[in-house]
Structure formats: structure tokens, C-alpha cells
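**Q** Build me a model from this:
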Amino acid sequence: MQTIYEEMIDEGHDFNVMIINVKNEEEIIGNLTGQCSFPVFQDVASVNAWLMYYGVKDDIYVYTADHVLHSYLSPFGTTVTVLTSEVGKQNMKDAIIAAEAGL
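**A** Residues are numbered from 1 along each chain as shown. Below you'll find the predicted structure:
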């Protein structure tokens, strides 16, 4: 996501990114924060943020500037969301651009 973020910012897009790390993988948060220039939050049992969104690993939620959910990209859906693939990368960019434009 960091690469996509940097590319889109360089292209003039204005958006924010954040990651919520799954509560059972606290040991990897250092890897995430070391690679990202955007916020990475650690879910904990007392908050259970993933449960609030019925989330699973690698879910992607794209919101509009007005904080309205625009796109939900599931790793189990028909849309490729593997961000290391060119198709997944383009799908992520397309979702951000559509939310930014209000489409």
C-alpha cells in the first residue's frame, strides 16, 4: 500500500490511508510501521475494531472525504485485491479515484 500511496500522492491525489493490524498479530506491527508513512493501529481485545467491521485479514475499506463507505474490497470477493499484483494495485487505485471523484 505504501507504493500505491506514494504514486497517487505524486499524481496529485489527496487521500489518507491507515492500517488496523489484527489483534492476534501484535508481533508484526513493527514490520508495518517500519514500511509505512501513514498510521498503523494495533487492534486489541478491549477495542476489537475488526469485529466492529466484521473484518478479516486483508479487507480494504475505501471511504469518501465525507466519511461514507464507498468501496469494500474483500480478499474473498471477485475483485483482485492482492496489492503486489498489477491487477490488485490498479483495482486499489481505481477504488480510491472513484471515491475521490464521488462516483
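
**Q** how many other residues sit next to the residue nearest to D14 when sequence neighbours are not counted?
**A** The spatially closest residue to D14, leaving aside those adjacent along the chain, is E100, at 7.3 Å (CB to CB, 6 or more residues apart in numbering). Heads up, the C-betas are built off the backbone N, CA and C, glycines and all. Counted by other CB atoms under 10 Å, the residues lying close to E100 total 16.

**Q** Make 3 the first number, not 1, from now on.
**A** With the count now opening at 3, the last piece we talked about shows up as E102.

**Q** quick one, what contacts E102?
**A** H15, D16, F17, T66, A67 (CB atoms under 8 Å, 6 or more residues apart in numbering).

**Q** What distance do you get for E13 to G57?
**A** Separation of E13 from G57 (CB to CB, to the nearest Å): 28 Å.

**Q** ok, now which ones touch the closest residue in space to D61 that isn't next to it in sequence?
**A** Closest residue to D61 apart from its sequence neighbours, by CB to CB, 6+ apart: S76 at 6.0 Å. Applying CB under 8 Å, 6+ apart to S76 gives the contacts V58, D61, I62, T83.

**Q** need the helices for the chain, in chain order.
**A** According to DSSP state H, the chain carries its helices in the segments 4-12, 31-37, 51-54, 88-103.

**Q** Return the set of buried residues in the second one.
**A** Which is helix 31-37. I31, L34, T35 (16 or more other CB atoms under 10 Å).

**Q** can I get those in TSV with distance to L71 and pLDDT?
**A** Below are the buried residues of helix 31-37 laid out as TSV (distance: CB to CB, whole Å; pLDDT from 0 to 100):
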residue	distance to L71	pLDDT
I31	25	82
L34	23	84
T35	25	84
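
**Q** of these, closest to A51?
**A** I31 (13.6 Å; CB to CB).

**Q** Wait, that closest one touches Q44, no?
**A** Yes: between I31 and Q44 there is a contact at 5.2 Å, judged by CB atoms under 8 Å.

**Q** shared neighbours of those two, which are they?
**A** Common neighbours of I31 and Q44 (CB under 8 Å, 6+ apart) are N23.
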